[in-house]
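Novice: How does the following fold in three dimensions:
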Amino acid sequence: MVFHGHGHGWHCNFLHPEFLHCFVLHRAGEAPHYDWVVTDYRAGQPVIEQVADASYTVESLKMFYSHVGMRAVPTVIRPFRAYRGFGIVNCVTLTKAIIGLRAPVVITPRQLYRRLNSS
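Specialist: All right, here's what the predicted structure looks like:
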């Protein structure tokens, strides 16, 4: 999980300035031939892109994101469990679905950051 304070739009007025957005950085593929992939929700649509190959470690990627002013939080990805009802569709919603976190009251990046650091 990566959190940062880069963003624009009317909703940014209601968010903590250091937590305007979040996205998931995860492995895709089978070891040792996996790639690091970012799954992000930008401008109303999901975006999936390869950002690094298997030569990068969790620590090296965490250090990279830290150097560019972002917060990286290692997180365990659990099996996805769909839930009923409606909700806000944003970067937090997509992120929670990918990591398998059921937390309906967590709707902002800062709330998600706090939730992941408390468990």
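Novice: Could I get the full set of helices for this protein?
Specialist: 58-67, 91-99, 109-118 (DSSP state H).
Novice: residues in contact with residue 53?
Specialist: 35-36 (C-beta atoms under 8 Å, 6 or more residues apart in numbering). The way it works is simple: take the backbone N, C-alpha and C, and place the C-beta from them, glycine included.
Novice: Same check on residue 113?
Specialist: Contacts of residue 113 by C-beta under 8 Å, 6+ apart are 1, 3, 19, 22, 71, 73.
Novice: In PyMOL, how would I select just the buried ones from those?
Specialist: To isolate the buried ones among these in PyMOL, judged by 16 or more other C-beta atoms under 10 Å, type:
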select buried, resi 1+3+19+22+71
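Novice: returning to what we had before: with mean pLDDT and distance to residue 46 as new columns, can the helices of the chain be given to me in a markdown table?
Specialist: As requested, the helices of the chain are exported to a markdown table (pLDDT from 0 to 100; distance: least, C-beta to C-beta, whole Å):
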| stretch | mean pLDDT | distance to residue 46 |
| --- | --- | --- |
| helix 58-67 | 94 | 20 |
| helix 91-99 | 91 | 6 |
| helix 109-118 | 94 | 16 |
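Novice: Of those, flag the one that's most buried.
Specialist: Of all those, helix 91-99 carries the top mean neighbour count, a mean of 20, counting by mean count of other C-beta atoms under 10 Å.
Novice: Number of residues surrounding residue 36?
Specialist: 19 (other C-beta atoms under 10 Å).
Novice: wait, isn't it in contact with residue 26?
Specialist: Yes - if you go by C-beta atoms under 8 Å, residue 36 and residue 26 touch, sitting 7.4 Å apart.
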